[in-house]
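Enquirer: Have a look at this fold, sequence not included:
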């Protein structure tokens, strides 16, 4: 079975500071991993995905994530936070070769202050 | 066009009403999904349609009835809902349900309030 753990339900950073949102996964088969962002009262938007090609994945809005198999992690980073990055971020996993259900983590709310 | 369009954006309904949520995509995707999202929680999968056939029902109460009239449209019919069914209902689509590497595209959601 697959699962995702997002460490830290709330993260607060200053504008211009590094953003680091943590995601650890559990999967018995090679996983596919996704980061989604949700702005208030909106749907989910895909930031980036890992599908077993490059381990460092670049996404939209300056975000990137690195797949580390040894650490079962897929942390999301952005070098310099912007006020517009304030949102809810969800890490999600799907298992290859079978049941194609997207399993979400609990989410991390990112606050950016001036 | 990479959009999933949901209507209405907001819906208030009484417990005896019948209403429908609509979802449309024109990306040629063959899998469509309904999710329910409560406040401060991740989305929870309700139904999956693959090639217009219901593939997954996550033990959803029968007061929620999905329908997929064609490959571009997905409806969710609502009847005799309870106040605890109030939530954001999200529609999503993906190229394939079988191919796990494909990402899901989400609509903006319908904010449902049951009074």
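Expert: Yep, it's here. Every value quoted in this text rests on a predicted model; they were computed, and no experiment measured them. Numbers count the residues shown, from 1 in each chain, chains lettered A, B, ... in the order given.
Enquirer: which residue ranges form the helices in chain B?
Expert: Using DSSP state H, no helices are found in chain B.
Enquirer: May I have the beta-bridge partners of the residue nearest the centre of it?
Expert: Geometric centre of chain B, nearest residue: residue B:34, 2.8 Å, by Cα atoms, centre = their mean. Counting by DSSP bridges, residue B:34 forms beta bridges with residue B:47, residue B:91.
Enquirer: give the contact list for it.
Expert: B:23, B:45-47, B:66, B:74, B:76, B:89-91 (Cβ atoms under 8 Å, 6 or more residues apart in numbering or on different chains). (Glycine included, C-beta is placed from N, CA and C.)
Enquirer: Just give me the neighbour total for residue B:19.
Expert: Look at residue B:19: counted by other Cβ atoms under 10 Å in any protein chain shown, it has 17 neighbours.
Enquirer: Now do the buried residues in the helix or strand harbouring residue A:67.
Expert: Assignment of secondary structure by DSSP states H and E places residue A:67 within strand A:64-68. For strand A:64-68, a neighbour-count test (16 or more other Cβ atoms under 10 Å in any protein chain shown) marks A:64-65, A:67 as buried.
Enquirer: what distance separates that strand from the centre of its chain?
Expert: Strand A:64-68 sits 9 Å away from the centroid of its parent chain (Cα atoms, centre = their mean, to the nearest Å).
Enquirer: Show the secondary-structure elements that that strand is packed against.
Expert: Strand A:64-68 sits against strand A:31-38, strand A:44-50, strand A:56-58, strand A:73-78, with contacts defined as 3 or more Cβ pairs under 8 Å, 6 or more residues apart in numbering or on different chains; DSSP states H and E.
Enquirer: Can you read off the backbone torsions of the spatially most distant residue from the centre of chain B?
Expert: Residue farthest from the centre of chain B, counting by Cα atoms, centre = their mean, is residue B:101 at 21.1 Å. The phi and psi values for residue B:101, taken as degrees, to the nearest 10, are phi -70, psi -10.
Enquirer: pLDDT score assigned to it?
Expert: At residue B:101 the predicted local confidence, pLDDT, stands at 81.
Enquirer: Show me the shaky parts of the chain.
Expert: No chain specified, so I'll use chain A. A:95-99 (pLDDT under 70).
Enquirer: nope, chain B
Expert: Checking chain B against pLDDT under 70 turns up B:1-2.
Enquirer: one more time with 90
Expert: B:1-2, B:96-102 (pLDDT under 90).
Enquirer: Which positions in it make contact with chain A?
Expert: Within reach of chain A by Cβ under 8 Å from any Cβ of the partner chain, chain B has these residues: B:4, B:6, B:40-43, B:45, B:48, B:56, B:88, B:90, B:92, B:96-101, B:103-109, B:111.
Enquirer: So which of those are in strands?
Expert: Members of those lying in strands (criterion: DSSP state E): B:4, B:6, B:45, B:48, B:56, B:88, B:90, B:92, B:105-106, B:111.
Enquirer: Just name the closest of the residues you listed to residue A:94, please.
Expert: Set against residue A:94, the nearest of those by Cβ to Cβ is residue B:45 (11.6 Å).
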